[in-house]
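# Here is the input, now give the coordinates:
(chains A, B, C and D)
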2 protein chains.
Amino acid sequence: MVLTRRTTGHRPTLEDVARRSGVSRSTVSRVINAEPRVSAEVVDRVRQVIVELGYVPNQAARQLVTHRTGAVAVVAAQPENRLFLDPFFDLLLRGIRRELAGHGAQAVLLFLDDPDDYARVADYLGGGHVDGALLFSLRPGDRLHEMVDRIGLPAVFGGRPLLRDGDPERGGQAYVDGDNRGGARQAVQHLVSLGRSRIATVTGPYDQENSAADRLAGYRDVLPAASTDLIERADYTLRGGADAMAALLRRQPGLDAVFVASDLMASGALQTLRESGRRVPEDVAVVGFDDLAEIAESTDPPLTTVHQDVEEMGRLMARLLFDITQNPGAPTRSSVVVPTRLVLRESA
Amino acid sequence: MVLTRRTTGHRPTLEDVARRSGVSRSTVSRVINAEPRVSAEVVDRVRQVIVELGYVPNQAARQLVTHRTGAVAVVAAQPENRLFLDPFFDLLLRGIRRELAGHGAQAVLLFLDDPDDYARVADYLGGGHVDGALLFSLRPGDRLHEMVDRIGLPAVFGGRPLLRDGDPERGGQAYVDGDNRGGARQAVQHLVSLGRSRIATVTGPYDQENSAADRLAGYRDVLPAASTDLIERADYTLRGGADAMAALLRRQPGLDAVFVASDLMASGALQTLRESGRRVPEDVAVVGFDDLAEIAESTDPPLTTVHQDVEEMGRLMARLLFDITQNPGAPTRSSVVVPTRLVLRESA
DNA sequence: CTGAAAGCGCTAACAT
DNA sequence: ATGTTAGCGCTTTCAG
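Numbers count the residues shown, from 1 in each chain, chains lettered A, B, ... in the order given. Below you'll find the predicted structure:
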């Protein structure tokens, strides 16, 4: 067996390239970094030697002096094993990767799973492996916030951080979020405009997630006098949506519309409504939230829902991060809220 | 607004810690690296100063001399946007992360999406950001193989690389794979032992993926004389499985068993069988492959299928990588094949 | 058990 | 347009 280990001996350095091309290290460095004032002739010669030697710049050495890495961390606190199977996250990530790639930066994903992971990730983030971080913390008061704060790494959060009593105000922390409250308002207003009068809502875990809290707030904006009988909390799962719908029906058999705070839950709610013999939208109009194609287009009937441009949110996070790293002094334009729009299908 | 920028001024260095503790840089370095011969007293003092100053070692500087980063890349060529939603990959990744974490290494994920990504990822991998890489290339003859070969980075592949005509033999490339062929054999033998005589198979895209080719080979091992009428190729999707089953039924209405090369496809096949009025397993016995809990446990009837310990495969990949990095000279124990076992439920 | 000195591979003024 | 000179922040002999 032929061993074609390239690792043999020592990897060529700038010095080697310089010697072999008959120029100085600085010149080679200039060629590598595509600096303008180098004669075309020299550029060619050096380039050729680089190929001959299979030279690859040592990033550690470069980082040490430039303080730049060309990499951006995307950190996801991943409770249980969810999230990774989440189409929302998939889309968001695509947006992030695309925008980052446009800037020539490499996205590197880190997951926070076990409690022990926090220390290692903190070391990684603090160790200068990346120029900044895009963070998703799903738990309120997650250590993640405190962590990047302490490390002093430029960072942008996905989703407005949910503060709990006693948490310090995170003055400077930038985030990108969808317009959950405005979107919920659109949804409920649409139901009102349809002439519905007994409009219920299935909410997400509003004590745990801002998105859920904001969507409920949007409902209340439009229906400040709604009875608590019309509000049922669930957990953003299919099953939860189905059960919540059943509970609402029990309490308020006469309801004629429901705003369900996620498509997945709406899909469950639709099932319950069908089983209860109600027609959608004739008897009960249903509006969801998220507009995940996989779900909203294939429910029966197809779901009217609030659309968020998730890929764009990803891009924005990346863009915001670059803004921050590029002028570190400037007053942090910290929050970006991405508008939503109602997509009409057949459920309302 | 109070700006609590930690980034102010310069980050403390080893030098700063040394001065403030009244010892030399070397000593501080020893404390940080937990080297034995340092007096307990000094250790305490230095540790305290480290905390006071909020000192974090600069990894670039460290890497420059040690040639180690403590990070391992997990690279996934992600055709379309699949894979990210794949429970198989999710499990594999968990195994990888756990094993890596056990060695104190940080897993960083990189995705290959656009064609442009290859160059950037190659730079990243070659730039010394990581100590090694675990790679998943889903396309035959993917550039990924050639890439790591050239870079000379320790690497382990997930899944046996599929060589195409003209591809060079990848002598030294390590990989971890499930025992696709053996698993398929178990599945088909089980059907035979049930007394079934007209056993068909729905295969994966065997010209594109080794797993599919191997599973078909396993079927042929047991039934070398099977008519090609009993073999129908599909694409590992639900729809594909359903359609393939329909085609088989058309050609061989009397078949009494089918080995379907993935659970997802089997789920589709089950649907087709039901629609055709056949009972499972009475009329047609069905065996799947993968044993993905989400699918296999919730089909009707629950699926008898070939189980792979996917998380373990992930761990093995990581372990194999450490073997390689730890003695770079040794003859590469390059392949590990993880055994499978048949899980009996109700479909066969 | 601790310190002094050298150097990892690169970039960035500063000269020329 | 190119070369010279200093470091970047750390580890690692080698002395003591």
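# Domains in chain A, by residue range?
When chain A is parsed with automatic domain parsing, its domains come out as A:14-65, A:71-164+A:172-177+A:311-337, A:180-307.
# Are we agreed that A:Val336 is in a strand?
Yes. A:Val336: assigned to a strand according to DSSP: H, G, I helix; E, B strand; the rest coil.
# Next, give phi and psi for the residue in the stretch 1-150 of chain A that DNA strand D sits nearest to.
Taking Cβ to the nearest atom of the strand as the measure, the stretch 1-150 of chain A has A:Arg37 as its residue closest to DNA strand D, at 2.8 Å. Quick note: C-beta positions are derived from backbone N, CA and C, even for glycine. Note on A:Arg37: backbone dihedrals following degrees, to the nearest 10 are phi -80, psi 70.
# What about it, how many residues nearby?
5 (other Cβ atoms under 10 Å in any protein chain shown).
# before we move on, what about A:Gly241?
29.
# residues of the helix or strand in which it is found that come out buried?
Counting by DSSP states H and E, the element that carries A:Gly241 is helix A:238-251. Of the residues in helix A:238-251, those buried by neighbour count under the rule 16 or more other Cβ atoms under 10 Å in any protein chain shown are A:Leu238, A:Gly240, A:Gly241, A:Ala242, A:Asp243, A:Ala244, A:Met245, A:Ala246, A:Ala247, A:Leu248, A:Leu249.
# so what's the closest residue to the second one other than its chain neighbours scoring on pLDDT?
Same thing as A:Gly240. Using Cβ to Cβ, 6 or more residues apart in numbering or on different chains and skipping the chain neighbours, the partner closest in space to A:Gly240 is A:Ala234 (3.6 Å). pLDDT for A:Ala234: 96.
# How about the contacts made by A:Ala234?
For A:Ala234, the contact set (Cβ atoms under 8 Å, 6 or more residues apart in numbering or on different chains) comprises A:Val202, A:Thr203, A:Gly204, A:Pro205, A:Gly240, A:Gly241, A:Asp243, A:Ala244, A:Met265.
# Which positions in the stretch 1-150 of chain A make contact with DNA strand D?
Neighbours of DNA strand D within the stretch 1-150 of chain A, by Cβ under 7 Å from any atom of the strand: A:22-27, A:30, A:36-39, A:41-42, A:61, A:64-65.
# Buried subset of these as a PyMOL selection?
Here is the PyMOL selection string for the buried members of these, based on 16+ other Cβ under 10 Å:
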select buried, chain A and resi 23+27+30+38+42+61+64
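# among the residues of the stretch 1-150 of chain A next to DNA strand D, which are in helices?
Among these, the ones falling in helices (DSSP state H) are A:Arg25, A:Ser26, A:Thr27, A:Arg30, A:Glu41, A:Val42, A:Ala61, A:Leu64, A:Val65.
# mind checking how far the last one is from chain B?
Okay, so that is A:Val65. 9 Å (Cβ to the nearest Cβ, to the nearest Å).
# A:Ser193 now?
As judged by Cβ to the nearest Cβ, A:Ser193 and chain B stand 36 Å apart.
# so after whichever strand or helix holds A:Leu93, what's the next helix or strand?
Per DSSP H and E: A:Leu93 is located in helix A:87-102. Note on helix A:87-102: by DSSP H and E, the next helix or strand toward the C-terminus is strand A:106-112.
# contact partners of stretch A:297-308?
Here stretch A:297-308 has contacts from A:178, A:183-184, A:186-187, A:190, A:263, A:266-267, A:270, A:274, A:280-281, A:285-291, A:295-296, A:338, A:340-348, using Cβ under 8 Å, 6+ apart.
# Quick check: end-to-end length of stretch A:93-109?
With Cα to Cα, to the nearest Å as the measure, stretch A:93-109 spans 10 Å from end to end.
# Just the closest residue of the stretch 151-300 of chain A to DNA strand C, please.
For the stretch 151-300 of chain A, Cβ to the nearest atom of the strand, closest residue to DNA strand C: A:Pro154, 18.3 Å.
# those helices in chain A, which residues are they?
For chain A, helices defined by DSSP H occupy the ranges A:14-21, A:25-32, A:40-53, A:59-66, A:87-102, A:117-126, A:143-151, A:180-193, A:210-222, A:238-251, A:263-275, A:293-296, A:310-326.
# what about those, which gets the closest to B:Pro57?
Closest approach to B:Pro57 among the helices of chain A is made by helix A:117-126 (8.4 Å; Cβ to Cβ).
# For that closest one, enumerate the helices and strands it packs against.
strand A:71-77, strand A:106-112, helix A:143-151, strand B:106-112 (3 or more Cβ pairs under 8 Å, 6 or more residues apart in numbering or on different chains; DSSP states H and E).
# quick one: contacts of that helix?
By Cβ under 8 Å, 6+ apart, helix A:117-126 touches A:73, A:75, A:110-112, A:130, A:133, A:143-144, A:147-148, A:151, A:153, B:56, B:70-71, B:101, B:104, B:106, B:108.
# Let's see that with 7 Å instead.
Helix A:117-126 is contacted by residues A:73, A:75, A:110, A:112, A:133, A:143, A:147-148, A:151, A:153, B:56, B:71, B:101, B:106 when judged by Cβ atoms under 7 Å, 6 or more residues apart in numbering or on different chains.
# What residues sit buried inside that helix?
A:Asp117, A:Tyr118, A:Arg120, A:Val121, A:Ala122, A:Asp123, A:Tyr124, A:Leu125, A:Gly126.
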